[in-house]
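Undergrad: attaching a predicted model along with its sequence, questions to come.
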Amino acid sequence: MFDLPEYLKLVAGLASIVNPVGVIPIFLSLTEGQGSSQRRLIAFQSSIALSIVLLVALVAGEAILSFFSISLPSFRVAGGLLILLTALSMLRAETIESRQLTETGTVDPNEPPTLPDAPVAVVPIAIPLLGGPGAISTVIVYAHTQESIEHTILVGLAILSVSVIALVGLLIAPLMDTVMGKTGMNVISRVMGLIITAISIEFIADGVKELLPGLG
């Protein structure tokens with residue numbers, strides 16, 4: 001049976017981690033000089049690649065963990081820590097530009113990011129900017145909170161919904177950049193970071209309880 005509250009929780013959590021708003025400045029920089037039709041094409045390609053990556057994680061994530069002999073509780077803790085690091089970066093409103101390093105190893109916020117002159121829809125927009133390790137970890141962990149076909153379908157629908165949200169975010173990137181500016185997007189990034197922090201703590205707590213049952 002379709003569980004609307006659970007579906008909305010999945011979409012909200014995954015959308016916060018994918019964080020299409022935070023990718024907007026990079027998307028605009030990567031597509032600078034492109035026409036509007038080319039930008040739309042890149043946005044569609046990126047969202048499709050994102051959905052494929054996350055659906056593969058949903059279907060084959062457990063098999064991949066088994067291949068490397070990694071238990072799900074251990075992955076929950078590791079994934080939670082990874083998501084927490086992502087959240088802390090968002091709370092500080094860090095962007096890829098602010099993490100660019102000069103040749104001397106110092107941060108130069110005035111230096112534009114170094115980006116390859118190559119197709120950018122799949123790499124780096126879809127992977128790892130949108131569908132990074134945090135998003136992949138979240139899908140695998142969410143997929144195993146319940147063991148049922150209905151839950152798997154629910155997570156799949158959430159992935160497709162988040163891919164659509166990411167698509168819309170990329171399509172309206174020029175408008176959002178004009179209306180909100182850098183400060184407005186930083187505020188949204190911090191709010192999403194707070195949500196992700198809470199989600200990551202839940203992941204870590206659940207994993208620790210399974211690894212150390214005596215704590216429960």
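TA: Perfect, thanks for sending it. As the structure is a prediction and not an experimental result, all values here were calculated from the model.

Undergrad: what average pLDDT does the host helix or strand of Val191 get?
TA: In the assignment (DSSP states H and E), Val191 maps to helix 173-211. Averaged over helix 173-211, pLDDT sits at 81.

Undergrad: what are the buried residues along that helix?
TA: Across helix 173-211, burial judged by 16 or more other C-beta atoms under 10 Å covers 173, 176-177, 185-186, 188-189, 192-193, 195-197, 199-200, 203-204, 206-207, 210. In short, each C-beta sits where N, CA and C put it, glycine included.

Undergrad: list phi and psi for Leu154.
TA: Main-chain torsions, Leu154, degrees, to the nearest 10: phi -60, psi -40.

Undergrad: swap in Gly35?
TA: Here is the backbone geometry of Gly35 (degrees, to the nearest 10): phi -70, psi 170.

Undergrad: packing partners for the helix or strand bottoming out on mean pLDDT in the chain?
TA: Within the chain, no helix or strand scores below helix 72-91, which has a mean of 79 by mean pLDDT, DSSP states H and E. Packing partners of helix 72-91 (3 or more C-beta pairs under 8 Å, 6 or more residues apart in numbering; DSSP states H and E): helix 36-67, helix 133-143, helix 173-211.

Undergrad: tell me what angle the helix holding Val191 forms with helix 133-143.
TA: For helix 173-211 against helix 133-143, the angle by axes from the mean of the first three to the mean of the last three C-alpha atoms, to 10 degrees is 50 degrees.

Undergrad: give me the helices and strands touching helix 173-211, please.
TA: On a contact count with 3+ C-beta pairs under 8 Å, 6+ apart, helix 173-211 meets helix 4-18, helix 20-30, helix 36-67, helix 72-91, helix 133-143.

Undergrad: now distance to Phe27 too, for the helices and strands packed on helix 72-91, in CSV please.
TA: Formatted as CSV, the helices and strands packed on helix 72-91 follow (distance: least, C-beta to C-beta, whole Å):
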stretch, distance to Phe27
helix 36-67, 8
helix 133-143, 16
helix 173-211, 5
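
Undergrad: closest one to Val120 among the ones you listed?
TA: Proximity to Val120 (C-beta to C-beta) singles out helix 36-67 among the helices and strands packed on helix 72-91, at 6.7 Å.

Undergrad: thinking again about what came up before, how about the helices and strands packed on helix 72-91, which one is nearest Ser89?
TA: When the helices and strands packed on helix 72-91 are compared by C-beta to C-beta, helix 173-211 sits nearest Ser89, at 7.4 Å.

Undergrad: tell me how far the closest one lies from the chain's centre.
TA: Centroid separation between helix 173-211 and its chain, computed with C-alpha atoms, centre = their mean, to the nearest Å, is 9 Å.

Undergrad: repeat that for stretch 63-70.
TA: 22 Å.

Undergrad: so which bits of that stretch are buried?
TA: So for stretch 63-70, counting by 16+ other C-beta under 10 Å, buried means Leu65.

Undergrad: I figured Ser51 hits Ser161, correct?
TA: No - with contact defined as C-beta atoms under 8 Å, Ser51 does not count as touching Ser161 (9.7 Å).
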